[in-house]
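Asks: Sequence first, then the predicted structure, then my questions.
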Amino acid sequence: MAATIQLYVVASLLAVSYALWYRSKARKRSLPPGPQPYPLIGNLYDVPSEAPWRTFAKWSERYGDMIYFHTLGREVIVLNSATIAHELLDKRSAIYSYRPFFAMANEVIGWKWSLPSMDYGEKYKRHRKYLQQFFHKQNLPKYYNVELKEVHRLLNDLLDDSEHYAAHMKRLAGGVTMMLTYGHEVTSSDDSFIRIAEKGVLTIEAAGAIGAHIVDFVPWIRHLPDWFPGASIKHLPPGTREDLHDFLHKPFDYAKERLAKGTAVSCYTTALLEETKGEDDEGVRSTAAITYSAGFDTTMSALMTAMIALVADPVIQARAQAEMDSIIGKDRLPTFDDREKLLYMQCIITESIRWGVATPVGVPHRVSQDDYYNSYYIPANTMIIANAWAMLHDPQVYPEPERFNPDRFLHGEGRNPQPDPRGPAFGFGRRICPGKDLAENHLWITIASMFYAFKITPAVNDKGEKIPIDLEFSEHSIRHPKPFKCVITPRRTNSVALIRQTVDI
Ligand code: HEM
C-alpha cells in the first residue's frame, strides 16, 4: 500500500513538473522574439540607459517589429511599427490603456496624481475628461488671442535682444501655459510661477530614467522604514517633496483665491472650479499642474526643432517666406486665419513633428489581460513601449529619415505623400496626448510669425564665416536639438514697425 502511495506521489510530481515545464516552454515559444535573457536579471544589461529607442530600432533587423524582453521580472514588448501599434493600442485600447506602476516616480517622489502615470480607471477618466474638454480642438480658437499676444511679445523680445532667443521662447511657452491654466501673466523669464514650475518638474529627475530604478522592480522597498539597511535607496535630494508640493499647490491656490475675490482671469482652473463646485479640487489641481509638466518641455522641443531646421536650411526658409509673402502680403503679421492657405508651412510643421520626435518612446502602456497578436502571446501586465522614434525614422516609410524634408508631405499631382507622423508622435488609443492640437497651434503661429518677421541665419565667427549648425539632439526622454547660435534680423524695412505696433494692441 505504502509503495503504491509513493509511486502515486512521484508520478503526480513528475506530471506537475512536466506540465509546468511544458507551459513555460510553450509560453516562451509563442512570445514575440527578443534578445536572449540572463537568468533572473533577464535583459537588464541589454537595454542601454542612453537612447534605448535606437537600440530597440536596431533589434528589429533581427527580431522583427514586435520584440519581447524582460528585466528583473518586468515583461516588456517594444513595438517598432506604427501598423502594429495601431492594431493593438488604438483598436484594442479597452485593454491597452493601462499604465505600468513606477514606484519611484509615483510613490517615492509623489507623482501619483499625474495623469500620464495614473492607471486607467474611474479617477483617470474623470481627470482626462477635464483636460479633454478644455483643450478640445473646437475650443482652441478661444485661446488664439492669448497665443497671439505671447507670440507678439516674443517678436518684440527678439528685436530687443536676439542673442537670448532661447530664453524668450521659453518665456513664451511658459507664458501661454500659465495664462491658459492659471490666468497668470508671465512678463519675464524670471517669473516666480515659472521658477516654481521648473523646480517642480525637476523633481522627477530623482527617479532617474523612469522605470530604471531598483524600486521600480522591487516595489516593496518603498515601504522600508528610513532607518532600515538599504532603505537609503529611496532617499531623495533635500527639498524634493517641498518643490513638488509648491508646484502642485501654489499656482492653483492663487487662481482659486482670485476666483473667490472676483478678480480671476478666466482660465482652465477657474472654469473647472466653477464646474465642479468645490467637489473635486484635487482633480482640478492635479490636471492643471500636468499642463505644464506634460506640455512645456515637449512644446519647447518641437519649437526648437522647427527653428533649427529652418536656420540650417536657407532654401527651405526662403521657400516658406515666399509662400507667406504671397498669401499674407507684406503689411501685416500672420494670424490663424492664414493657416489653411499656407500649405508648405503646414508641411514644415508636420516634418518637424516627424524629424524631431520630441517623445521618442512616448509613455509606456500596460495591457490588462492576456492577448494574442499574429499568433504571438502577450502576457497580461506586460509593459508596451511604442517606439515612435523607430516608426518615424524607418527608411522604408520615410526615405532618408535623417533629412529634414517638408516635401514628403506635399499633396498634388504626381505626388505620393508619406504617412502622417502625428499618430506615433502624439501617442495612441485612449491615452493619446490631450494637448496635441494646442501644441500644434502654438508651434504653427510661433514659427510662422518668427520667420515672417525675421531672417534667421547661422552665426558667423571672427572671420565672418558661417558657423555650421550642429543638427545633433540631446537624447533624453524628451529630445531637444543641441543649443545653437544664430543671427536674427528683421526681414524687411517695415518689419520693425509691424512688430512694434503689436505692443499697444
Ligand atoms: C509637441 C508637443 C507634445 C508632444 C510631442 C506630446 C506627446 C505626448 C505623448 C507621446 C504622450 C503619450 C501618449 C500615450 O501614452 O500613448 C502624451 C501624453 C500626454 N500629454 Fe502630450 N505632448 C505634447 C504637448 C502636450 C501639451 C501642450 C499638453 C498639455 C495641455 C500635453 C498633455 C499631455 C497629457 C496630460 C498626457 C497624458 C495623457 C494620458 O495619459 O491619458 N501634451 N503627450
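Replies: Right, received. Where do you want to start?
Asks: all contacts plus neighbour counts: C-alpha atoms, from now on.
Replies: Fine.
Asks: The host helix or strand of N441 - contacts with which helices or strands?
Replies: In this assignment (DSSP states H and E), N441 forms part of helix 436-453. In terms of contacts (3 or more Cα pairs under 8 Å, 6 or more residues apart in numbering; DSSP states H and E), helix 436-453 is packed against helix 144-160, helix 281-312, helix 314-328, helix 343-356.
Asks: Could you identify the helix or strand that succeeds the first one?
Replies: Beyond helix 144-160 on the C-terminal side, the first helix or strand identified by DSSP H and E is helix 165-182.
Asks: The shortest one too?
Replies: Sequence order places strand 365-366 as the next helix or strand after helix 343-356, per DSSP H and E.
Asks: Now the element after that following strand, going C-ward?
Replies: Downstream of strand 365-366 (by DSSP H and E), the next one is strand 371-373.
Asks: For that following strand, which strands pair with it and how are they oriented?
Replies: The pairing partners recorded for strand 371-373 under DSSP bridges are strand 376-378 (antiparallel).
Asks: hmm, back to that, averaged pLDDT, the very next helix or strand once past the helix holding N441. What do you get?
Replies: Where DSSP H and E defines the elements, the next helix or strand beyond helix 436-453 is strand 454-458. Per-residue pLDDT over strand 454-458 has a mean of 97.
Asks: cool, and stretch 328-337?
Replies: Rounded mean pLDDT across stretch 328-337 is 96.
Asks: Tell me the secondary structure of H127, please.
Replies: Assigned with DSSP: H, G, I helix; E, B strand; the rest coil, H127 falls in the helix class.
Asks: which residues touch the residue in the stretch 51-200 of the chain that the ligand sits nearest to?
Replies: Going by Cα to the nearest ligand atom, the ligand is nearest to P116 of the stretch 51-200 of the chain, at 3.5 Å. Residues in contact with P116 (Cα atoms under 8 Å, 6 or more residues apart in numbering) are V363.
Asks: Quick check, pLDDT for I221.
Replies: Model confidence at I221, given as pLDDT, is 60.
Asks: Return the helix or strand in this structure with minimum mean pLDDT.
Replies: helix 2-30 (a mean of 51; mean pLDDT, DSSP states H and E).
Asks: Quick one, grab the pLDDT at the residue of the stretch 51-200 of the chain closest to the ligand.
Replies: In this model, P116 is scored at 93, pLDDT.
Asks: gap between it and P238?
Replies: The gap separating P116 from P238 is 25 Å, by Cα to Cα, to the nearest Å.
Asks: Equivalent analysis for F428, please.
Replies: Between F428 and P238 the computed distance is 37 Å (Cα to Cα).
Asks: what about S474, which SS state?
Replies: S474 - assigned by three-state DSSP - is strand.
Asks: Can you tell me the closest non-neighbouring residue to it?
Replies: Nearest non-adjacent residue to S474, counting by Cα to Cα, 6 or more residues apart in numbering: H480, 5.4 Å away.
Asks: and the one you found, how many residues sit next to it?
Replies: The number of residues packed near H480 is 23, by other Cα atoms under 10 Å.
Asks: Run the chain-centre distance for the strand or helix carrying it.
Replies: Assessed by DSSP H and E, H480 sits inside strand 479-481. The chain centre lies 12 Å from the centre of strand 479-481; the measure is Cα atoms, centre = their mean, to the nearest Å.
Asks: and it, anywhere near the ligand?
Replies: No: using Cα under 6 Å from any ligand atom, strand 479-481 never reaches the ligand; the gap is at least 9.7 Å.
Asks: partner strands of that strand, parallel or antiparallel?
Replies: According to DSSP bridges, strand 479-481 has the following sheet partners: strand 473-475 (antiparallel).
Asks: hmm, who's touching the partner strand?
Replies: Strand 473-475 has contacts (Cα under 8 Å, 6+ apart) with 50-51, 479-482.
Asks: Could you give me the buried positions within that strand?
Replies: Buried residues in strand 473-475, counting neighbours by 16 or more other Cα atoms under 10 Å, are found at 473, 475.
Asks: same question, stretch 133-143
Replies: 134-136, 143.
Asks: Check stretch 367-379 too.
Replies: Buried residues in stretch 367-379, counted by 16+ other Cα under 10 Å: 367-368, 371, 376-379.
Asks: Could I get the CA-only coordinates of it as PDB?
Replies: The C-alpha coordinates for stretch 367-379 follow below in PDB (Å, rounded to 0.1, in the frame of the first residue of the first chain):
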ATOM      1  CA  VAL A 367      -2.000  45.500 -21.200                       C
ATOM      2  CA  SER A 368      -4.500  44.500 -18.600                       C
ATOM      3  CA  GLN A 369      -5.200  40.900 -19.700                       C
ATOM      4  CA  ASP A 370      -3.600  38.100 -21.800                       C
ATOM      5  CA  ASP A 371      -3.800  38.800 -25.500                       C
ATOM      6  CA  TYR A 372      -2.600  37.400 -28.800                       C
ATOM      7  CA  TYR A 373      -1.400  39.200 -31.900                       C
ATOM      8  CA  ASN A 374      -0.300  37.300 -35.100                       C
ATOM      9  CA  SER A 375      -0.100  34.200 -33.000                       C
ATOM     10  CA  TYR A 376       2.300  35.800 -30.500                       C
ATOM     11  CA  TYR A 377       1.300  35.600 -26.900                       C
ATOM     12  CA  ILE A 378       1.200  38.900 -25.000                       C
ATOM     13  CA  PRO A 379       1.000  38.200 -21.200                       C
END
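Asks: average model confidence for that stretch?
Replies: In this model, stretch 367-379 has a mean pLDDT of 97.
Asks: now swap in stretch 184-192 and tell me
Replies: Stretch 184-192 carries an average pLDDT of 88.
Asks: Now tabulate the buried residues of stretch 367-379 in TSV and tack on distance to Y268.
Replies: As requested, the buried residues of stretch 367-379 are exported to TSV (distance: Cα to Cα, whole Å):
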residue	distance to Y268
V367	32
S368	32
D371	39
Y376	44
Y377	43
I378	39
P379	39
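Asks: follow-up on the earlier one: give me the contact status of the helix holding N441 with the ligand.
Replies: Yes: for helix 436-453 and the ligand, the contact criterion (Cα under 6 Å from any ligand atom) is met by 436, 438-439.
Asks: I'd like to know which of these is nearest to G423.
Replies: K436 (10.4 Å; Cα to Cα).
Asks: That closest one and A425 touch, don't they?
Replies: No: judged on Cα atoms under 8 Å, K436 makes no contact with A425 at a distance of 9.3 Å.
Asks: more crowded one of these two?
Replies: A425 (27 against 19).
Asks: So that one is in contact with W355, correct?
Replies: No: contact between A425 and W355 fails when scored by Cα under 8 Å: they sit 10.0 Å apart.
Asks: which stretches of the protein aren't confidently modelled?
Replies: The chain contains residues with pLDDT under 70 at 1-29, 206-236, 504-505.
Asks: So which bits of it are right by the ligand?
Replies: For the chain, the contact set with the ligand under Cα under 6 Å from any ligand atom comprises 115-116, 290-291, 294-295, 298-299, 302, 358-359, 362-363, 425-428, 431-436, 438-439.
Asks: Can I have the buried ones of those as a ChimeraX selection?
Replies: Typed into ChimeraX, the line below selects the buried ones among the residues of the chain next to the ligand, using 16+ other Cα under 10 Å:
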select :115,116,290,291,294,295,298,299,302,358,359,362,363,425,426,427,428,431,432,433,434,435,436,438,439
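Asks: who touches V284 in this structure?
Replies: V284 is in contact with 127, 130, 269, 272-273, counting by Cα under 8 Å, 6+ apart.
Asks: Tell me the buried residues within those residues.
Replies: Burial by neighbour count, 16+ other Cα under 10 Å: within those this picks out 127, 130, 269, 272-273.
Asks: Compile those into JSON lines and extend it with columns for distance to P334.
Replies: Output for the buried ones among the contacts of V284, formatted as JSON lines (distance: Cα to Cα, whole Å):
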{"residue": "H127", "distance to P334": "35"}
{"residue": "Y130", "distance to P334": "31"}
{"residue": "T269", "distance to P334": "30"}
{"residue": "L272", "distance to P334": "32"}
{"residue": "L273", "distance to P334": "34"}
